[in-house]
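>>> Here is a sequence with its predicted model. Questions after.
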Amino acid sequence: MVCKGSDVLTGRRSFLRSGVVAAAGAVFSGVRHGVAAAGESGSSLWTVLSHEGRDYLPLEQVGRFYGLGAMQRSGSSFALGPGEGVVKGHSASSDFHISRLKFILSYPITDLGGRLCISRVDLVKLVEPVLRPFKIAGASSVDTVILDPGHGGSDKGAVGKLGSEKDFTLDVAARAGELLGRAGYRVVYTRSKDEFVPLEERTRKANLFSRAVFVSVHFNSGGNGTGVETYAMSPRGVPSMSLEGAHLDALENYPGNQRDAENAAFATAAHAAMVVRSGLFDRGIKRARFHVLRELNLPGVLLEAGFLSNSEDMRRIASAWYRQQVAGSILEAVRNYRRAIGGAPV
């Protein structure tokens with residue numbers, strides 16, 4: 001049965017209710033067709049177009065498949081869904097919004113013969129698990145959360161006038177751990193004090209656990225940048241959105257790639273909650289090959305919860321209230337991700 005657009009927005013499994021970012025459950029009820037249909041070029045549902053060696057799929061077909069109705073187009077802009085649209089974007093742009101939450105595509109929306117198209121890898125590795133997390137094969141429920149406060153010891157991370165990244169991340173992790181423990185989750189820290197822990201040791205420790213998710217907490221730096229962003233592992237074969245990952249072989253199949261779908265869904269839950277609670281500019285959900293993401297055997301995200309180089313962001317980060325909001329967003333993300341993949345809430 002194909003759901004109507006309004007059903008998609010108000011489904012019981014929605015991170016994004018009523019077209020407004022509100023970290024609530026999973027992203028959309030969606031239609032009930034098999035997941036494989038979106039990834040099979042031979043399916044009669046899809047017209048597959050080739051461009052620069054990649055497969056692309058027309059957005060109007062994406063709208064029909066997910067029960068969002070006809071595509072609205074104005075110049076280079078498009079929208080799928082009722083009212084102002086559930087899914088929005090622009091031709092030649094990688095910025096892609098689902099119910100006002102920002103995602104950065106691996107490849108820009110492309111106009112092919114007058115039809116706006118999305119790359120197949122973005123549809124399969126991003127849109128599908130975000131819209132239908134309950135369809136992710138093999139996703140396990142969550143009872144353990146690995147908290148990874150970035151930096152530590154001799155590695156201060158970013159430094160602002162009001163403090164160092166290593167101290168702020170440790171405080172957020174401690175606050176999040178307390179909330180998660182009260183909620184009934186087992187909490188594991190990659191570091192619980194001001195000490196240097198190698199990246200390899202962080203992922204080794206995390207990989208000892210099953211039925212778990214990994215959250216690496218960081219704060220950004222760079223010019224007068226502002227806002228929050230969330231990273232998940234880059235799918236195999238696509239560019240990394242970080243300088244750190246630019247030198248890596250994108251064709252290598254890292255451990256983190258075994259969890260591509262879960263990573264996308266968990267990143268959505270984490271980013272939606274952080275955007276709402278932080279009140280800062282939404283810089284989007286991105287993909288990168290950071291060590292702590294690529295070597296994981298479990299779903300993981302890396303949070304950048306504001307800029308220490310920006311005076312307004314820094315003022316917030318230095319406040320206990322703001323760090324408590326970031327911690328609360330981690331609990332909210334874990335709960336919502338667990339519900340999204342079909343697990344009972346904790």
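All right, it came through fine.

>>> all contacts plus neighbour counts: C-alpha atoms, from now on.
Will do.

>>> low pLDDT regions in the stretch 151-300 of the chain?
Segments of the stretch 151-300 of the chain classed as low confidence (criterion: pLDDT under 70) are 243-249.

>>> Mark out where each domain of the protein begins and ends.
Structurally, the chain divides into domains by automatic domain parsing as follows: 5-133, 144-340.

>>> And the helix or strand that contains Gly306, what does it pack against?
Assigned by DSSP states H and E, Gly306 belongs to strand 300-307. Secondary-structure packing of strand 300-307 (3 or more CA pairs under 8 Å, 6 or more residues apart in numbering; DSSP states H and E): strand 212-220, strand 228-233, helix 260-278, helix 291-294, helix 311-317.

>>> between those, which gets nearest to Leu57?
Smallest distance to Leu57 across those (CA to CA): 18.9 Å, for helix 260-278.

>>> can you pull the buried residues of that closest one?
Neighbour-count burial for helix 260-278, counted by 16 or more other CA atoms under 10 Å, picks out 260-278.

>>> For Gly184, grab the count of nearby residues.
11 (other CA atoms under 10 Å).

>>> Likewise for the one 4 residues further on?
Using other CA under 10 Å, Val188 has 18 other residues around it.

>>> Would you list the phi and psi of it?
phi -120, psi 130 (degrees, to the nearest 10).

>>> which residues sit in contact with it?
Contacts for Val188 were tallied using CA atoms under 8 Å, 6 or more residues apart in numbering; they are 144-147.

>>> Distance-wise, check Ser94 relative to Tyr107.
6 Å (CA to CA, to the nearest Å).

>>> With Gly153 instead?
38 Å.

>>> what about these two, which has more around it?
Tyr107 (18 against 13).

>>> my guess is that one is in a helix, correct?
No: counting by DSSP: H, G, I helix; E, B strand; the rest coil, one finds Tyr107 to be coil, located in no helix.

>>> In this structure it contacts Ser119, no?
Yes: using CA atoms under 8 Å, Tyr107 is in contact with Ser119, at 6.6 Å.

>>> on that earlier part again, closest one to Gly343 out of the contacts of Val188, please.
Comparing the contacts of Val188 against Gly343 with CA to CA places Thr144 closest, at 13.3 Å.

>>> residues of stretch 112-127 that come out buried?
Buried-residue list, stretch 112-127, by 16+ other CA under 10 Å: 116-127.

>>> Okay, and which of these map to strands?
Those of these mapping onto strands are 116-119, per DSSP state E.

>>> if I pick the residue nearest in space to the middle of the chain, what's in contact with it?
Centroid-nearest residue in the chain: Ala267, 2.4 Å away (criterion: CA atoms, centre = their mean). Ala267 is in contact with 230-232, 285, 300-301, counting by CA under 8 Å, 6+ apart.

>>> Please apply the same query to Gly81.
5, 63, 68-71, 87.

>>> can you tell me which of the contacts of Val188 are in strands?
Within the contacts of Val188, residues falling in strands by DSSP E are 144-147.

>>> Buried ones among those residues?
144-147.

>>> Adding pLDDT, write those out as a markdown table.
Shown next, in a markdown table, are those (pLDDT from 0 to 100):
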| residue | pLDDT |
| --- | --- |
| Thr144 | 98 |
| Val145 | 98 |
| Ile146 | 98 |
| Leu147 | 99 |
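
>>> What is the most widely separated pair among those?
Farthest-apart pair in those is Thr144 and Leu147; separation 9.7 Å (CA to CA).

>>> which parts of the helix ranked longest in the chain are buried?
For the chain, the helix that runs over the most residues, judged by DSSP state H, is helix 320-340. Buried residues in helix 320-340, counting neighbours by 16+ other CA under 10 Å, are found at 322-340.

>>> got the angle between that helix and helix 260-278?
140 degrees (axes from the mean of the first three to the mean of the last three CA atoms, to 10 degrees).

>>> how far off strand 212-220 does helix 320-340 point, in degrees?
Here helix 320-340 runs at an angle of 150 degrees relative to strand 212-220 (the same axes, to 10 degrees).

>>> Show me what helix 320-340 packs onto, helices and strands only.
helix 165-182, helix 260-278.

>>> between the ones you listed, which one is nearest to Lys102?
Within the helices and strands packed on helix 320-340, the stretch nearest Lys102 is helix 260-278; the backing value is 9.1 Å (CA to CA).

>>> now the closest one against strand 228-233, angle please.
Here the directions of helix 260-278 and strand 228-233 differ by 170 degrees (the same axes, to 10 degrees).

>>> so how far is the following helix or strand past helix 260-278 from its chain's centroid?
Proceeding N to C from helix 260-278, the next assigned helix or strand is strand 282-288, under DSSP H and E. From the chain centre to the centre of strand 282-288 is a distance of 7 Å (CA atoms, centre = their mean, to the nearest Å).
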